[in-house]
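[1] Mind folding the following:
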Amino acid sequence: MLDILIIGSGPIGLACGLAAQRAGLSFLIIEKGCLVNSLYNYPSTMTFFSTSEKLEIGGIPFVTINNKPVRAEALEYYRRVATSRHLPINLFEEVTNISKDDNGYIITSTKGAYHAKNVILSTGFYDISVNLNIPGEDLPKVKHYYLDPHYYAMQKVIVVGSSNSAIDVALETYRKGADVTLVVRSDEISSRVKYWVRPDIINRIKEGSIKAYFNSNLKAVREYEVDIDTPDGTITIPNDFVMAMTGYKPNFTFLKKMGINLSEDKYIPQYNPDTMETNMPGMYLAGVVVGGLDTHLWFIENSRVHADMIIDDIVHKRL
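    The predicted model follows:
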């Protein structure tokens, strides 16, 4: 019988493990992919918006010589945190079911079963893409994840979206020789784009280096071309790849299966903001998963406090 089973080995899942360790609680972290799986799937050239001290967990310093840390540094930092603190983590093991009994929860995974008094869900939102739901979206040329710009050199690339991920893709592939076209649903580049990047994309659009269609939507994708709905009507242009940077969402099906109530509008899970406990007693939420479809509300820097809130509540209930 464990005190806590933590699902997800992202930064906040690791923070929960560190807090549990400090409190002397028995725990296990289960992760369906690699360590900090979501960060691993970030673009290889990604630079964080936050400074390193805001990405620290468990009071362990994140040292970098850069003003903003990059993906490789973050992966190294969180790996060293996990190994130096000897956190018990099972990787490449997916939780398939959680059922309640009189003593807590029985957690079933692809590799076994566990019994825990409490469960912390720190599953993030990066695993499931928000689809366009248009003809041709299932073609191999349509990508919802992006790793490196070199792959798209000398190709005709459509980038859908106007937030950070879309703008990074547009600029990086353009600078590797891609012919880039942005399709933006609104009338301007998102104000949430990193402040040092936004002027760059605006200037590239103004000079014509990157073509942009505003107030527009991708309508259909075919093997060698796409249709775009624009204010001037539907146009068809040649195309090799579509980068659908349309965002991601938590696994709502899994949350519902666990018995967690979700709001009808933005699928925000029901939880106590003081303790992070859900409507299921002994089941807690940590990190960005608490935001539902509002994926721009929570980040590492403002959700790492969830770890101490949860562990404090669990310890208090034992007294």
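[2] Please count neighbours and contacts with C-alpha atoms only from this point.
    OK.
[3] Let me see the ranges of the helices in the stretch 51-200 of the chain.
    With DSSP state H, counting those that start in this stretch as the criterion, the stretch 51-200 of the chain has helices at 71-84, 164-175, 198-206.
[4] As JSON lines, these with distance to residue 232, mean neighbour count and mean pLDDT would be great.
    Putting these into JSON lines (distance: least, CA to CA, whole Å; neighbours: other CA atoms under 10 Å; pLDDT from 0 to 100) gives the following:
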{"stretch": "helix 71-84", "distance to residue 232": "40", "mean neighbour count": "17", "mean pLDDT": "96"}
{"stretch": "helix 164-175", "distance to residue 232": "23", "mean neighbour count": "22", "mean pLDDT": "95"}
{"stretch": "helix 198-206", "distance to residue 232": "19", "mean neighbour count": "15", "mean pLDDT": "97"}
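[5] Minimum distance to residue 217: which of those helices has it?
    helix 164-175 (14.2 Å; CA to CA).
[6] Please name the nearest non-neighbouring residue to the residue nearest in space to the middle of the chain.
    In the chain, the centroid-proximal residue (CA atoms, centre = their mean) is residue 126; its distance is 3.1 Å. Leaving aside its chain neighbours, residue 126 sits nearest to residue 248 (5.4 Å; criterion: CA to CA, 6 or more residues apart in numbering).
[7] can you check residue 136 too?
    Among residues not flanking residue 136 along the chain, residue 221 sits closest, at 4.5 Å (CA to CA, 6+ apart).
[8] My read is that the one you found contacts residue 137, right?
    Yes: counting by CA atoms under 8 Å, residue 137 is a contact partner of residue 221 at 6.4 Å.
[9] quick one, which of those two is more surrounded?
    Between residue 221 and residue 137, residue 221 has the larger neighbour count (other CA atoms under 10 Å), namely 22 against 19.
[10] Which strand runs longest in the protein?
    Scanning the chain for the longest strand, with DSSP state E as the assignment, gives strand 113-121.
[11] Which other helices and strands does that one contact?
    The contact analysis (3 or more CA pairs under 8 Å, 6 or more residues apart in numbering; DSSP states H and E) places strand 113-121 against strand 2-7, strand 104-109, strand 283-285.
[12] hey, which of these is tucked in deepest?
    Ranked by mean neighbour count, the helices and strands packed on strand 113-121 are led by strand 283-285 with a mean of 26 (mean count of other CA atoms under 10 Å).
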